[in-house]
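Asks: Sequence first, then the predicted structure:
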Amino acid sequence: MPNAVVLHQVGGPENFRWEPMVVGNPGPGEVRLRHTFSGLNYIDTNFRRGDYPPGPLPAILGREGAGVVEAVGADVTEVHVGQRVAYASVMGSYAEVRLIQAERLVPLPEDISDDVAAASLLKGMTAHMLLARVRTIGAGDTVLYHAAAGGLGLFVCQWAKALGATVIGTVGSQEKSALARAYGCDHVIDYTHEDFVARVKELTGGRGVTAVFDAVGKATFEKSVSLVAPFGTIASYGAASGPAPRDVASRLPIDRFLIYPTLPGHVAGRQALLTAANALFDVIRRGAVRVRIGQRYSLKDVAQAHRDLESRRTVGSTVLSVQG
Ligand SMILES: NC(=O)c1ccc[n+]([C@@H]2O[C@H](COP(=O)([O-])OP(=O)(O)OC[C@H]3O[C@@H](n4cnc5c(N)ncnc54)[C@H](OP(=O)(O)O)[C@@H]3O)[C@@H](O)[C@H]2O)c1
C-alpha cells in the first residue's frame, strides 16, 4: 500500500504522521498519479498551523507535485498513462500516490526534469501572475520584492530583471544577500539590519517603485505602502510574518493600486494554466530564470522541512523526494 504524510490535527510539524493509504481507481476525469517529487511552499505551513483551514481532518497537505500517470479514468483526454506531469495549487501532494483531476495536470516537456518541475511550477506561475497580470513589468520599471532569496523570490527577481526592470530585494541575512544578487537583484537590503524605507527612497530618488510585491505581511506591509510611486501597484499575497493589516486601502493615496492576488485565480481554467506553465518553461529554457533547489528532503522528513522553512533557514526552492 502506498504511504502518505497525514495531518491529524492542526498545530506543529510533530503532528505529521507517515501512514499507509488506500488509493482507489480514478473516476471519470481523474488520474492516478505516482509522485516522484513534491514541492514545499510557505503556504503549507499556514495550512498545517490552521491559519487557513486545511479541510476535513485527517488531511494530506502539499500543493505542488511531479510524477508519472499510472492510470486514467473515463473521459480523460489531457494526459496518458506513462506521461510525466506536474501540478500546483491542488492539495494532497505529500503522498506517494494520489488521485487528481486530469485538467489540473501540466504535461512536462523532456527538458524539464521532475525535480525542477516540483521546485518551480507553483512559484514560477506565481511569478508569472505578479509580473504579467498583477502589474505588467518591463524596461524602466523598478520593483521591490521582500524575501528575495526565498523560493518565490528567486523566480520573481530573475524574471523581472529579464523583463528589463530594476530589482530591489530585501533579505534576512548577509548570506542571503549574495544569493539574491546572483539571482536577479540589482540592489539588496538586509531588512533585519537596515531601514529599507530610507534605502529604497534613496535608490529611487524619493519617487518610490512601480510595484511592491509583499508576501512577508505584518512586519513590512505598512512600510511597503509608503514606497509605491504614483500609479504604482502594491500586491499583498502572503503572510510569512503574520497577516498584513487590512485597513490600508482606506489610507492609500487615490492614485495607487492595491491588489490581493492568488495563484488559483490566475490559473483557473485549462488554457490559463497551460499559458502560465509554458511561459515558465520558456524562461527556464532560455536561461533567463535558473531554478535553485536549495534544500532536498525525503517526503517522510517533511516535518524537518517545515521547521527549517518557518525559521528562515531555507533559500530558493525546497523539494521533497517521494521515491526513497
Ligand atoms: N497568493 C499566492 O497565490 C501565493 C503563491 C505562492 C506564494 N505565496 C506567498 O509568497 C511567500 C513566499 O513563499 P515561498 O514558499 O517562496 O516561501 P519563502 O520565500 O521561501 O520563505 C518565506 C521567507 O519569508 C521571510 N520571512 C520574513 N519574516 C518571516 C517570519 N517571521 N517567519 C518566516 N519567514 C519570514 C524569510 O526570508 P528572509 O529571512 O529573507 O526574510 C523566509 O525565508 C509566502 O508568504 C507565500 O504564502 C503566495
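Replies: Right, received. Where do you want to start?
Asks: so what's the residue nearest to the spatial centre of the chain up against?
Replies: Centroid-nearest residue in the chain, with CA atoms, centre = their mean: Lys123, separated by 3.1 Å. Applying CB atoms under 8 Å, 6 or more residues apart in numbering to Lys123 gives the contacts 39, 41, 151-152, 155, 317. Where you see a C-beta, it was placed from the backbone N, CA and C, and this is true even at glycine.
Asks: Asp141 too?
Replies: 135, 160, 163-166, 210-211.
Asks: The contacts of Lys123, buried ones only, as a PyMOL selection?
Replies: Of these, the buried ones can be selected in PyMOL as follows, counting by 16 or more other CB atoms under 10 Å:
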select buried, resi 39+41+151+152+155+317
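Asks: just the contacts of Lys123 that are near the ligand?
Replies: Residues of these in contact with the ligand (CB under 6 Å from any ligand atom): 41, 151-152.
Asks: Let me see the backbone angles for Leu273.
Replies: Main-chain torsions, Leu273, degrees, to the nearest 10: phi -60, psi -50.
Asks: Do you know the pLDDT at the residue in the stretch 201-324 of the chain that the ligand sits nearest to?
Replies: Closest approach between the stretch 201-324 of the chain and the ligand, counting by CB to the nearest ligand atom: Gly238, at 2.3 Å. As predicted, Gly238 sits at a pLDDT of 96.
Asks: now do Ala276
Replies: Reported pLDDT for Ala276: 98.
Asks: And for the one 3 residues further on?
Replies: Reading off the per-residue confidence, Ala279 sits at a pLDDT of 98.
Asks: That one: how many residues sit nearby?
Replies: 17 (other CB atoms under 10 Å).
Asks: Look up the closest residue to it, ignoring the ones flanking it.
Replies: In space, and not counting its chain neighbours, Ala279 is closest to His128: 5.1 Å by CB to CB, 6 or more residues apart in numbering.
Asks: separation between the one you found and the ligand?
Replies: 11 Å (CB to the nearest ligand atom, to the nearest Å).
Asks: and that residue, what does it touch?
Replies: 159, 266, 276, 279-280.
Asks: That one: what secondary structure?
Replies: Assigned by DSSP: H, G, I helix; E, B strand; the rest coil, the conformation of His128 is helix.
Asks: Check the burial of Met21 by counting its neighbours.
Replies: Counted with other CB under 10 Å, Met21 comes out at 16.
Asks: For Val267, see how far away it is.
Replies: The spacing between Met21 and Val267, counted by CB to CB, to the nearest Å, is 27 Å.
Asks: Tell me which stretches of the stretch 151-300 of the chain form helices.
Replies: With DSSP state H, counting those that start in this stretch applied, the stretch 151-300 of the chain shows helices at 151-162, 174-182, 196-203, 221-225, 263-266, 270-285, listed in chain order.
Asks: Which elements pack onto the shortest one?
Replies: Think helix 263-266. On a contact count with 3 or more CB pairs under 8 Å, 6 or more residues apart in numbering; DSSP states H and E, helix 263-266 meets helix 114-128.
Asks: 10 Å - rerun?
Replies: Judged by 3 or more CB pairs under 10 Å, 6 or more residues apart in numbering; DSSP states H and E, the packing partners of helix 263-266 are helix 114-128, helix 270-285.
Asks: Just after the shortest one, pick out the following helix or strand.
Replies: Meaning helix 114-128. strand 142-145 (DSSP states H and E).
Asks: Just the CA coordinates for that following strand, please, in PDB.
Replies: As requested, the backbone C-alpha atoms of strand 142-145 are provided in PDB (Å, rounded to 0.1, in the frame of the first residue of the first chain):
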ATOM      1  CA  THR A 142      11.500  49.400 -10.600                       C
ATOM      2  CA  VAL A 143      10.200  46.600  -8.300                       C
ATOM      3  CA  LEU A 144      10.700  45.900  -4.700                       C
ATOM      4  CA  TYR A 145      10.500  42.200  -3.600                       C
END
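Asks: For the ligand, tell me whether it is touching it.
Replies: No - shown here: strand 142-145 not in contact with the ligand (CB under 6 Å from any ligand atom), separated by at least 9.8 Å.
Asks: Show me what from this structure comes close to the ligand.
Replies: Going by CB under 6 Å from any ligand atom, the residues of the chain near the ligand are 41-43, 123, 126, 147, 149-153, 171-172, 176, 215-216, 219, 237-241, 262-263, 309-310, 312, 314.
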